[in-house]
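**Q** quick one, what's the 3D model for this:
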Amino acid sequence: MKKTFLPAACVAGLLAFAAFMETPGTDRDSKAGSLQVSLDPSAGQKEQKVMNLPFMESRLVDTSEDHGYLVEKYEEYEIYTDLNGTVVKEEPTGKFEYLRYKE
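**A** The predicted model follows:
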């Protein structure tokens, strides 16, 4: 009986911990706002009128040749637009991607 009690207790403890982590309403992330604040219709209306959510865009920065390969270097940019689709701000993220083609 002692041999089966410890594994059963461990499994029960893991299940209880998993259930606790999946329970809505637990305050695990102190940076997240409350649900009441996020559903307030007046909160953030001014900010939403100015800019939409940003989208990412990769732009060709450089093309070079390396040991018989054509190497293209792309930099990722965060693009902010207003509600009319006009670009308001462009920020490089510092993330680069390289594509290599055989010539």
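
**Q** quick one, strands of the chain?
**A** Ranges of strands in the chain, per DSSP state E, are 55-66, 69-81, 87-102.

**Q** need the winner for burial among those strands.
**A** By mean neighbour count, with neighbours taken as mean count of other CB atoms under 10 Å, strand 69-81 ranks first of those at a mean of 15. The way it works is simple: take the backbone N, C-alpha and C, and place the C-beta from them, glycine included.

**Q** report the angle between that one and strand 55-66.
**A** Using axes from the mean of the first three to the mean of the last three CA atoms, to 10 degrees, the inter-axis angle of strand 69-81 relative to strand 55-66 is 160 degrees.

**Q** so which of the strands of the chain is nearest residue 14?
**A** strand 87-102 (37.2 Å; CB to CB).

**Q** and the closest one, how far from the chain's centre?
**A** For strand 87-102, the distance from its own C-alpha centre to the chain's C-alpha centre is 17 Å (CA atoms, centre = their mean, to the nearest Å).

**Q** and stretch 71-78, by the same measure?
**A** How far stretch 71-78 lies from its chain's middle: 19 Å, per CA atoms, centre = their mean.

**Q** what sits up against that stretch?
**A** Residues outside stretch 71-78 that contact it (CB atoms under 8 Å, 6 or more residues apart in numbering): 54-65, 90-101.
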